[in-house]
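Student: Need the 3D shape of this:
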Amino acid sequence: MPKFLLKRWHGAHIVWIFAVMTILIFVLMLFQWVVGVIALLACLILGFFTMRAEQAFSKDMNKYVTTLSHRIKRAGNEVINELPIGILLYNEEKIVEWHNPFVAKMVGKDSLIGEGLLELFPILKGRKDKDVGKVEITLGKCIYQVQVKPNERLLYVTDITAYKTLSIRYEEERLSIGIIMMDNLEEATQGMDDQSRSIMMAKVTGEITEWAQKYNVYLRRTASDRYLILIDQKGLKMLEQSRFEILDEVRDLTIEHKLQLTLSIGIASGNNSLTELGQLAQTSLDMALGRGGDQVAVKIGERLSFYGGRSNAVEKRTRVRARVISHALRDLIKECDKVIIMGHRYPDMDSIGAAIGVLKAAHVSNKEGYIVLEGVNPSIQKLMETIYEDEKLNRWFITPEQAMQITNQRSLAVVVDTHKASMVAEPKLLQLTNRKFIVDHHRRGEEFIQDATLVYMEPYASSTCELVTELLQYFNDRLTMGVLEATALLAGIVVDTKSFSLSTGARTFEAASFLRRNGADSSLIQRLLKEDLEAYIQRADVIKNAVVIYEHIALAVTEPNRKYSQLLIAQAADTLLTMTGVSASFVISERPDGLVGISARSLGQLNVQVVMERMGGGGHLTNAATQFEGTLEAAAEKLKGILNEMNAEEGLFE
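Tutor: Below you'll find the predicted structure:
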């Protein structure tokens, strides 16, 4: 019996009680010995029964404790054996020493004692003895979580199959919202009679409906050219794996028409609310349309993926939007105190020409306008030399430092030939004013100047100079241009269209005609675009390293430590594209600034914009580029890897 219980029976209080009783009995015997003897006998009897009671209590207590210990031990064994948790002990050699029945049932054996731990759980290989953590393993149809306790050489195994199943089901059933738009319905059906239009629309609608049923997509038509779709995450993954075949099916379905009908789709998915998903779906659709249409933009959380984009943007036959944007720009310029214009870093002829066109619009509105120029590069050197000789035009070119000093909240910042804040001549300028206007002909990328007041992006256009020229036509009826101003705009169009041979539409020639009427000098353009013999030899030196891969792709990687300008790299890619059997070309070279530059060109069968975006760049379907830090060999391997991935996913060429 424990000491604390013994003290309750044989403590000091019991001893004192019997001691006092004995003294009182002896005192009583002095006066009445008969009564004293009787009291003494009673005291002895009481002491005897007290001892018997203590012995009985001790015996019962020992019996109870013994029974309780047995019950606890038996309950403990049952708990360990019946708990839905596996317990496994192993020794220093990682050999199993003991386990409860749950572990044996889990692996389908009677006993695991003596077997190697790493053979039973291969996922634990490579873990250090001090690593404490949880890992997941799959055995049959069950998923288990293994918690490692290395100090005790102990494993806890928990069946998490139900939790994982519920988690997977939640992920698969998460709602996604999308918008389908026929992005060139008006242009495709213009000139058709009602019967032909109805037949074509019935075919397209039937194709979209069959596609929706195939992938369990809820489809609801909201306008003649627009659909709302609802789909779960499982279905969205299936669509991504199919590379959104509906794009090709609709395009092929309308192939007999002079102008094929194409679709653009924007989809949003994630943990956002339905309202936010709807807004993101519209943003994704805008992104797809901004990149030229005929493609899908899927935004899942922070990831934005693009599919399709194999056809060029369709030129819009109506100029209504150009007129509306022109009038809006005129109002913006009137409200500001000065106009700050800048293009991308390392500007080309298109960037400078477009900037000069916007500068003209500012001066016509009697506002000060300035063009931010970071420096002169070979592609614009001859043009800038001509501009420096013209005092009226030269005075409006300023450095980024000067622009930072004169820009304020009332200034209008105009960005031409790019829509990425990281690529402009001075990104800090965009933070100094809330009034921004973007005019660009490139396909929209993931990075975008979000808080722009006015945006004019048309991927169908041959160049930014073409867009600016159209704006000038509606800007002011009394607008007249100087020879150098008109020539600079026309030079930008000539360079980007390779002398009107690529990405050229009817509106391109109309813009060129307007510039010619305003005095553009074609002979001056020829002088500006002349190249010297040394540049020609360098380009030939680059081209001699070209090899053909995938039967129709020319890849040229220059020799190490040989640096070439970005202009020369682009010219080499253009030249390779003129070779027989070449549908796309890539030129990789070191640049004078230490970066590795890649210039990509295509005839339209391969979307080089998608290739360059995967390498951190961007551009057009037929014209794209990128630059980054690294080596030529690493750049070539990365490019080949991306081409291999795209070839495995959906093929490189249409």
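Student: which regions of this protein lie under the pLDDT threshold?
Tutor: 1-13, 64-82, 126-132, 257-259, 309-318, 654 (pLDDT under 70).
Student: at 50 instead, please
Tutor: Applying pLDDT under 50 to the chain flags the ranges 1.
Student: Spit out the contact partners of Gly47.
Tutor: For Gly47, the contact set (C-beta atoms under 8 Å, 6 or more residues apart in numbering) comprises Phe18. In this view, the C-beta of every residue, glycine as well, is placed from N, C-alpha and C.
Student: run the last query once more with 10 Å
Tutor: Ile14, Phe18, Met21, Thr22 (C-beta atoms under 10 Å, 6 or more residues apart in numbering).
Student: Give me the buried subset of those residues.
Tutor: For those, a burial check counting by 16 or more other C-beta atoms under 10 Å picks out nothing.
Student: and Leu88, that one's in a strand?
Tutor: Yes: applying DSSP: H, G, I helix; E, B strand; the rest coil, one finds Leu88 inside a strand.
Student: who touches it in this structure?
Tutor: Leu88 sits in contact with 96-100, 102-104, 106, 112-113, 117, 120-121, 146, 153-157, where contact means C-beta under 10 Å, 6+ apart.
Student: Kindly recompute the last result at 6 Å.
Tutor: Leu88 makes contacts with His99, Val103, Leu155, as judged by C-beta atoms under 6 Å, 6 or more residues apart in numbering.
Student: Let me know the helix or strand that Phe586 is in.
Tutor: Using DSSP states H and E, the element containing Phe586 is strand 584-590.
Student: What are the phi and psi values at Thr262?
Tutor: phi -120, psi 160 (degrees, to the nearest 10).
Student: Not counting sequence-adjacent ones, nearest residue to it?
Tutor: Asp294 (3.9 Å; C-beta to C-beta, 6 or more residues apart in numbering).
Student: and the one you found, how many neighbours does it have?
Tutor: Residues lying near Asp294 (other C-beta atoms under 10 Å) number 28.
Student: oh, and call the first residue 25 from now on, that's how I've got it
Tutor: Taking 25 as the first residue, the last one we looked at is Asp318.
Student: Distance-wise, check it relative to Gln306.
Tutor: Distance check for Asp318 against Gln306: by C-beta to C-beta, to the nearest Å, it reads 18 Å.
Student: How about Val39?
Tutor: Counting by C-beta to C-beta - Val39 and Gln306 are separated by 94 Å.
Student: between those two, which one's more packed in?
Tutor: Neighbours per residue (other C-beta under 10 Å) separate Val39 from Gln306, with Gln306 holding more: 14 against 10.
Student: which element is the more buried one on?
Tutor: helix 298-314.
Student: do the same with Ser220
Tutor: With DSSP H and E as criterion, Ser220 is part of helix 218-238.
Student: just checking, what packs against that helix?
Tutor: With contacts defined as 3 or more C-beta pairs under 6 Å, 6 or more residues apart in numbering; DSSP states H and E, helix 218-238 has these neighbours: helix 270-277.
Student: Which residues does the helix it packs on contact?
Tutor: Everything outside helix 270-277 that qualifies as a contact, by C-beta under 6 Å, 6+ apart, is Lys227, Val228, Glu231, Trp235, Gln284, Thr286, Leu287, Gly332.
Student: how about a cut-off of 7 Å?
Tutor: With C-beta atoms under 7 Å, 6 or more residues apart in numbering as the test, helix 270-277 has contacts from 227-228, 231-232, 235, 284-287, 318-320, 332, 335.
Student: got the buried residues for the helix holding Gln306?
Tutor: Neighbour count says helix 298-314 has Leu301, Gly302, Leu304, Ala305, Thr307, Ser308, Leu309, Asp310, Met311, Ala312, Leu313, Gly314 buried, by 16+ other C-beta under 10 Å.
Student: Can you tell me which of the residues you listed is nearest Lys83?
Tutor: Closest to Lys83 out of the buried residues of helix 298-314 is Leu301 (76.1 Å), distances taken as C-beta to C-beta.
Student: Against Leu252, how distant is that closest one?
Tutor: 12 Å.
Student: cool, and Thr423?
Tutor: Taking C-beta to C-beta, one finds Thr423 at 50 Å from Leu252.
Student: cool, and Gly377?
Tutor: Separation of Gly377 from Leu252 (C-beta to C-beta): 42 Å.
Student: Those two: who's more crowded?
Tutor: Gly377 (34 against 16).
Student: tell me the secondary structure for the more buried one?
Tutor: Under three-state DSSP, Gly377 falls in the helix class.
Student: Contact partners for it?
Tutor: Gly377 neighbours (C-beta under 7 Å, 6+ apart): Cys489, Ala512, Leu513, Ala515, Gly516.
Student: tell me the contacts of the third one?
Tutor: Taking C-beta under 7 Å, 6+ apart as the criterion, Leu513 is in contact with Gly377, Ile380, Gly381, Cys489, Val492, Thr493, Leu539.
Student: any chance of the residues you listed in TSV, plus distance to Met428 and secondary structure?
Tutor: Shown next, in TSV, are those (distance: C-beta to C-beta, whole Å; DSSP: H, G, I helix; E, B strand; the rest coil):
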residue	distance to Met428	secondary structure
Gly377	24	helix
Ile380	22	helix
Gly381	24	helix
Cys489	27	helix
Val492	25	helix
Thr493	30	helix
Leu539	33	helix
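Student: related to what we said a few turns ago, just the ones in helices from the contacts of Leu112, please.
Tutor: The helices, defined by DSSP state H, take in Val127 from the contacts of Leu112.
Student: Output the contacts of Leu112 in JSON lines; the columns should cover neighbour count.
Tutor: JSON lines is the format used below for the contacts of Leu112 (neighbours: other C-beta atoms under 10 Å):
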{"residue": "His123", "neighbour count": "23"}
{"residue": "Val127", "neighbour count": "21"}
{"residue": "Leu179", "neighbour count": "22"}
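Student: buried subset of the contacts of Leu513?
Tutor: In the contacts of Leu513, the ones that pass as buried (16+ other C-beta under 10 Å) are Gly377, Ile380, Gly381, Cys489, Val492, Thr493, Leu539.
Student: Tell me the spacing between the fifth one and Glu482.
Tutor: With the distance defined as C-beta to C-beta, Val492 ends up 11 Å from Glu482.
Student: and the helix or strand in which Val382 is found, C-alpha only, in CSV?
Tutor: Val382 is part of helix 373-388, with elements assigned from DSSP H and E. Taking C-alpha atoms only, helix 373-388 is exported to CSV below (Å, rounded to 0.1, in the frame of the first residue of the first chain):
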residue,chain,number,x,y,z
MET,A,373,12.6,53.2,-86.8
ASP,A,374,9.0,52.3,-86.0
SER,A,375,9.4,53.6,-82.4
ILE,A,376,11.0,56.9,-83.4
GLY,A,377,8.6,57.5,-86.3
ALA,A,378,5.5,56.9,-84.1
ALA,A,379,6.9,59.2,-81.4
ILE,A,380,7.4,62.0,-84.0
GLY,A,381,3.8,61.4,-85.2
VAL,A,382,2.4,61.9,-81.6
LEU,A,383,4.7,64.9,-81.2
LYS,A,384,3.0,66.4,-84.2
ALA,A,385,-0.4,65.9,-82.7
ALA,A,386,0.8,67.7,-79.5
HIS,A,387,2.1,70.7,-81.5
VAL,A,388,-1.0,70.9,-83.5
